[in-house]
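Colleague: Okay, sequence plus prediction incoming.
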Amino acid sequence: MDNGTHRRTARTTPPLLKDLRTLRVAVFHPDDADGRQLIQQLQRIGCQVQAFWPPLPSLPIGIDVVFLAVRPESVDTELEWLQGEDVPTVIAVVTYENPTIVEAVLRIRAQGILPSPIRSFGLLSTLVLARWVHQDMKGQTRRIRKLEFKILGIRQIAEAKSILMRTRNITGDAAYDLIRDQAMSKRVTTEEIAAAIVSANEIMSIGLIPDKTATSQIDLDVKN
């Protein structure tokens with residue numbers, strides 16, 4: 001391989017492959033031939049490996065990937081760290097392939113499956129693919145949350161406009177201009193101003209503040 005080819009290959013190495021040596025891996029597997037083989041292969045790849053059995057109720061700090069042996073005797077184990085939002089990449093290590101084991105793999109939301117007995121072939125591909133799936137899922141979750149937040153903001157602006165149109169007898173365009181002007185003057189978003197208007201209106205609706213006159217007095221801010 002000439003230098004030019006080497007440089008092109010280095011430039012195109014996927015980030016997921018470059019990051020393998022920085023991965024902190026927890027292996028939850030019995031101390032048997034399979035478990036030792038898994039640990040050795042991960043160390044050869046360059047991963048920083050910690051091994052435990054049975055699975056811990058909480059993960060060591062900074063774990064990026066978990067290899068979890070799914071066994072009949074541990075299939076009903078409920079692990080708190082699997083229920084959180086910031087769950088690392090999970091790869092199930094399975095010896096049996098039956099409905100109970102498959103259901104358990106689905107329940108732990110594994111991003112990859114490694115069959116037993118452990119072989120060196122396929123481990124690297126499983127690890128990289130599982131990492132890719134995990135990152136893609138996290139990206140999708142972030143995008144969904146942003147869209148949900150945006151939709152909520154749109155709904156709040158529409159509701160705030162409706163409140164101003166009703167209480168101030170103005171058009172929809174004038175109501176939006178009022179919201180926008182207040183957002184600019186207070187250096188906040190239009191969604192925040194809209195949320196303040198909606199919140200003030202909800203307070204008025206339960207009779208804590210006189211109805212229409214109060215809206216004209218809050219000046220688009222939450223005041224008594």
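Modeller: Now that the structure is in, tell me what you want to look at.

Colleague: and residue 58, which of the three is it?
Modeller: Secondary structure state of residue 58, per DSSP: H, G, I helix; E, B strand; the rest coil, is coil.

Colleague: residues contacting it?
Modeller: 80-81 (C-beta atoms under 8 Å, 6 or more residues apart in numbering). From N, CA and C alone the C-beta is placed, and that goes for glycine too.

Colleague: Could you tell me how far it is located from residue 166?
Modeller: For residue 58, the distance to residue 166 (C-beta to C-beta, to the nearest Å) stands at 52 Å.

Colleague: element containing residue 49, please.
Modeller: Residue 49 belongs to strand 48-52 when assigned by DSSP states H and E.

Colleague: which residues are contacting that strand?
Modeller: Contacts of strand 48-52 (C-beta under 8 Å, 6+ apart): 22-29, 31, 35, 39, 42-43, 60, 63.

Colleague: Which positions in it come out as buried?
Modeller: Buried positions in strand 48-52, judged by neighbour count with 16 or more other C-beta atoms under 10 Å: 49, 51.

Colleague: Okay, now the sheet partners of it, with direction.
Modeller: Strands that pair with strand 48-52, judged by DSSP bridges, come out as strand 24-28 (parallel).

Colleague: tally of neighbours for residue 92?
Modeller: If you count neighbours by other C-beta atoms under 10 Å, residue 92 ends up with 23.

Colleague: does the most centrally placed residue in the chain sit in a helix or strand, and which one?
Modeller: Centrality entry for the chain: nearest residue to the mean C-alpha point is residue 138, 4.2 Å, by C-alpha atoms, centre = their mean. Assessed by DSSP H and E, residue 138 sits inside helix 123-168.

Colleague: ok, residue 82 to residue 169 distance?
Modeller: Counting by C-beta to C-beta, the gap from residue 82 to residue 169 is 55 Å.

Colleague: among the contacts of strand 48-52, which ones are buried?
Modeller: Neighbour counting by 16+ other C-beta under 10 Å classes 23-29, 35, 39, 42, 63 among those as buried.

Colleague: correct me, but residue 54 touches residue 31?
Modeller: No. The pair residue 54 / residue 31 is not scored as a contact, 11.1 Å apart, by C-beta atoms under 8 Å.

Colleague: quick one, strands of the chain?
Modeller: 24-28, 48-52, 65-70, 89-94, 112-115 (DSSP state E).

Colleague: which stretch among these comes nearest residue 173?
Modeller: Of all the strands of the chain, strand 89-94 sits nearest to residue 173, with 49.6 Å by C-beta to C-beta.

Colleague: which helices and strands does that closest one pack with?
Modeller: Where contact means 3 or more C-beta pairs under 8 Å, 6 or more residues apart in numbering; DSSP states H and E, strand 89-94 is packed against strand 65-70, helix 99-107, strand 112-115, helix 123-168.

Colleague: Export these as CSV, with columns for mean pLDDT.
Modeller: Below are the helices and strands packed on strand 89-94 laid out as CSV (pLDDT from 0 to 100):
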stretch, mean pLDDT
strand 65-70, 94
helix 99-107, 87
strand 112-115, 92
helix 123-168, 88
